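Asker: Attaching a predicted model along with its sequence, questions to come.
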Amino acid sequence: MVSPFETELKWETLLAYGTRQFVKRKTAIYQQDSMGEGFYYLHQGLVKIVTSTFKGKDRLVNIVVPGQIMGLQTMDQQPHFTTAIAVKNAVVYHFSCSQFLEMLKVRPELLSLLTQTINQKMRILLTSIHMKALTSEEQIARLLLNICEDFKDYEFPLSQQELADCAGLTRITVYKILKAWKESGIIEIRNRTFVVKRPEMLKPPQLTTQTARTM
């Protein structure tokens with residue numbers, strides 16, 4: 001879910017305060033436990049936020065779409081508790097704490113909005129803990145619905161491999177799930193673009209019933 005900080009702020013007027021970076025696909029923008037300073041704004045691309053378990057496996061926390069920010073926890077000089085990885089080639093802007101202070105001079109409302117966003121990101125982190133108890137079908141469904149909500153559209157460019165990378169599942173698993181949903185008329189796939197035709201079918205209890213019938 002996009003926060004007020006990300007939707008109400010005209011970021012194009014503030015990008016000059018940040019440092020532009022190009023990040024290749026599958027490259028980490030920042031890593032868990034590393035010290036950072038400031039936050040990032042995603043201008044282009046797609047980024048997944050993951051956290052490593054004590055067994056060394058990555059668990060999906062969130063998907064970041066253009067127009068959203070990430071890495072806010074280091075604003076208070078704390079290490080990152082997640083890792084941000086570019087799913088697609090990405091363009092990000094890094095805003096240091098000193099650059100943020102300069103931004104506050106022209107947009108003082110940023111301080112309260114930043115606090116709201118941090119609280120919202122923490123809720124996302126707590127919600128992701130529940131994800132580990134979901135089936136593969138439920139994980140893909142939740143991921144698609146979240147991306148649709150962030151894009152404000154039920155059509156978005158994403159390949160099966162990129163969806164598998166986001167969810168941490170194998171491409172074969174994702175292929176089987178999408179194939180069943182396509183045959184049921186829930187989604188369409190048009191030239192590397194997903195179209196969710198019946199989003200209500202990706203929510204329980206409809207999803208549970210559909211899975212039992214087709215998988």
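Answerer: That came through fine.

Asker: from here on, contacts and neighbour counts on C-alpha atoms
Answerer: Will do.

Asker: and residue 92, what is it in contact with?
Answerer: Residue 92 is in contact with 20, 21, 22, 23, 40, 41, 42, 43, 44, counting by Cα atoms under 8 Å, 6 or more residues apart in numbering.

Asker: Run a quick neighbour tally on the residue nearest to the fourth one when sequence neighbours are not counted.
Answerer: Among residues not flanking residue 23 along the chain, residue 90 sits closest, at 5.1 Å (Cα to Cα, 6 or more residues apart in numbering). The burial count assigned to residue 90 is 21, neighbours taken as other Cα atoms under 10 Å.

Asker: Buried among the contacts of residue 92? Need that as a selection in ChimeraX.
Answerer: Entered in ChimeraX, the line below selects the buried ones among those, by 16 or more other Cα atoms under 10 Å:
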select :20,23,40,41,42,43,44
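
Asker: Restricted to strands, list the contacts of residue 92.
Answerer: Residues of these located in strands (DSSP state E): 20, 21, 22, 23, 40, 41, 42, 43, 44.

Asker: what helix or strand does the residue at minimal distance from the centre of the chain sit in?
Answerer: Central residue of the chain (Cα atoms, centre = their mean): residue 63, 1.0 Å from the mean position. For residue 63, the element it lies in under DSSP states H and E is strand 58-64.

Asker: name the helices or strands packed onto the helix or strand just after that strand?
Answerer: For strand 58-64, the following helix or strand on the C-terminal side (DSSP H and E) is strand 69-70. The contact analysis (3 or more Cα pairs under 8 Å, 6 or more residues apart in numbering; DSSP states H and E) places strand 69-70 against strand 39-44.

Asker: Take the contacts of residue 92 and write them to TSV, including distance to residue 117.
Answerer: Formatted as TSV, the contacts of residue 92 follow (distance: Cα to Cα, whole Å):
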residue	distance to residue 117
20	22
21	23
22	24
23	24
40	13
41	13
42	15
43	18
44	20
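
Asker: and of the contacts of residue 92, the nearest to residue 85?
Answerer: residue 23 (9.0 Å; Cα to Cα).

Asker: confidence score at that closest one?
Answerer: Note on residue 23: pLDDT of 97.

Asker: if we can go back for a sec, for the strand holding residue 63, what is the distance to the chain centroid?
Answerer: Offset of strand 58-64 from its chain centre (Cα atoms, centre = their mean, to the nearest Å): 6 Å.
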